[in-house]
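In: Sequence plus predicted model, see below.
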Amino acid sequence: MSAAVVVSVGGNPRPQSRTHRIARELAAAIRDALGTKYAAEVDLSALGPAVLDPSHSRAGAAVEQVLRADVLVLASPTYKATYTGLLKAFLDRIGTGALRNTTAVPVLLGGAPNHQLAVDVHFTPLLLELGAVVPARGLFVLESEVEQFADRAATWAHENGPALVGAQCLIELTEIVTEAPATIRGQPRLQARGSNRT
């Protein structure tokens, strides 16, 4: 696998929130586990309503950062048992299937454990719709766990690193096969030795 680019996205409307913190810490842990580079942080609170403006240059630049990611960590606080409207509005700028070359890790931050299934029930399907590969279950983080989250992030990255690497290798292999010259893909099978010839 070539050196992967890891990008984090914080979907909390509040600047430098705990959500942004856990996204950054998990992305750094994944970087360390994979021995690769951590390219960018996208804090959507800095964009706010601009995510709704198709012509806004900084919002467009943030989308480009996301599209260049090999591994994408997306974190949101739990709003109404799902992700924030800000994060959804930002992801609506990305076309269906546009993340087909991206491995994604969804993360939700919540105040109580009764919403812990929301990350897999609501968040993961959104990323799959955008074409991302989600090789591991999403993370649900309690607000009470934020201060110790760096240790949990390191453990998660160590345990799930092989799945992330496997997903990225599969993406790269698919790209190679897809981009192979038509003359190779369309080459007829060689006739077996000893078979009758007409």
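Out: Received the coordinates, thanks. Everything quoted here is computed from the prediction, not taken from an experiment.

In: Grab the longest helix from the protein for me.
Out: Looking across the chain with DSSP state H, the single longest helix is helix 149-179.

In: who's in contact with Y38?
Out: 6, 8, 27-28, 31 (C-beta atoms under 8 Å, 6 or more residues apart in numbering). All C-beta spots, glycine's among them, are computed from the backbone N, C-alpha and C.

In: can you count the residues close to the spatially closest residue to P15 that is not a sequence neighbour?
Out: Spatially, and ignoring its direct neighbours in sequence, P15 is nearest to S45 (4.5 Å; C-beta to C-beta, 6 or more residues apart in numbering). For S45, the count of nearby residues is 16 (other C-beta atoms under 10 Å).

In: Now for S45: which residues touch it?
Out: Counting by C-beta under 8 Å, 6+ apart, S45 makes contact with 10, 12-17, 20, 86.

In: What is the most widely separated pair among those?
Out: Pairwise distances across the contacts of S45 (C-beta to C-beta) peak at 14.7 Å, for the pair Q16 and L86.

In: you'd agree A75 is in a strand?
Out: Yes. Membership of A75 in a strand is supported by DSSP: H, G, I helix; E, B strand; the rest coil.

In: Now do the contacts for it.
Out: Residues near A75 by C-beta under 8 Å, 6+ apart: 8-12, 19-20, 22-23, 26, 106-109.

In: quick one, which of Q16 and L86 is more surrounded?
Out: Counting neighbours by other C-beta under 10 Å for Q16 and for L86 shows that L86 has the greater number, 22 against 13.

In: contacting residues around A4?
Out: 34, 36-37, 70-71, 168.

In: Which pair in the residues you listed has the greatest spatial separation?
Out: Maximum distance among these (C-beta to C-beta): 13.5 Å, for K37 and Q168.

In: one step back: pull out the buried positions in the longest helix of the chain.
Out: Buried residues in helix 149-179, defined by neighbour count with 16 or more other C-beta atoms under 10 Å: 149-150, 152-154, 156-157, 160-161, 164-165, 167-168, 171.

In: Arrange those residues in TSV, one row each, with pLDDT and distance to H56 as further columns.
Out: What follows is those, written out as TSV (pLDDT from 0 to 100; distance: C-beta to C-beta, whole Å):
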residue	pLDDT	distance to H56
F149	96	31
A150	96	33
R152	96	35
A153	96	31
A154	96	36
W156	95	34
A157	94	33
N160	92	34
G161	88	36
L164	88	31
V165	84	35
A167	81	32
Q168	76	31
I171	76	29
